[in-house]
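Colleague: need coordinates for the following:
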Amino acid sequence: MSNYKTTIKNRIWDYVKANCLKIDDKDFIIGDMNYTYKCHLNAVHKYHVDNSYEVYSCLTIWKDSWSDMIVHFINRKDGRFQDNTWGYLHKDYDYYLIRQIEPSEFDKIGNRLTETKKFLVNSNSNSFLRKLFKTSYTII
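Modeller: Residues are numbered from 1 along each chain as shown. Purely as a prediction, here's the structure:
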């Protein structure tokens, strides 16, 4: 990974730590693990199965390597969070809440994923340097 990509990830991590609530591990319950990587669709599906579930976007950071960060979607019900993509593997990540996704946004949930990645990368980097180093929002 280029040094500039590492710089962007450092900035994103600093931004998220300063501006987003970290979910305590004790606030998680084991979710479904359906072996797909489409977390945004899995979270919305859980809402449609039982509309008492809320959907949240977050940034996850692997506990063994701060630079392994992913924009991810999870659910919450009765104050407890649930990752319905990674199931029990949630224990390997720290989760920082970005925002709650409203049901009116579910039809465009893929856009919310892309917009969140773009926001985090663009607000923590320089457009000229992104072009120079061919950096895309897919780094997270």
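Colleague: this structure: strands as residue ranges?
Modeller: 28-29, 54-62, 69-77, 80-82, 93-101 (DSSP state E).
Colleague: can you lay out those as JSON lines showing distance to residue 19?
Modeller: No exception for glycine: its C-beta is placed from N, CA and C like everyone else's. Compiled in JSON lines, those are given as follows (distance: least, CB to CB, whole Å):
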{"stretch": "strand 28-29", "distance to residue 19": "21"}
{"stretch": "strand 54-62", "distance to residue 19": "10"}
{"stretch": "strand 69-77", "distance to residue 19": "14"}
{"stretch": "strand 80-82", "distance to residue 19": "19"}
{"stretch": "strand 93-101", "distance to residue 19": "9"}
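Colleague: got these as a markdown table, with distance to residue 119 and mean neighbour count columns?
Modeller: Listed next are the strands of the chain as a markdown table, based on distance: least, CB to CB, whole Å; neighbours: other CB atoms under 10 Å:
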| stretch | distance to residue 119 | mean neighbour count |
| --- | --- | --- |
| strand 28-29 | 25 | 16 |
| strand 54-62 | 10 | 22 |
| strand 69-77 | 9 | 22 |
| strand 80-82 | 22 | 18 |
| strand 93-101 | 9 | 19 |
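Colleague: residue 118: which of those is closest?
Modeller: strand 69-77 (9.9 Å; CB to CB).
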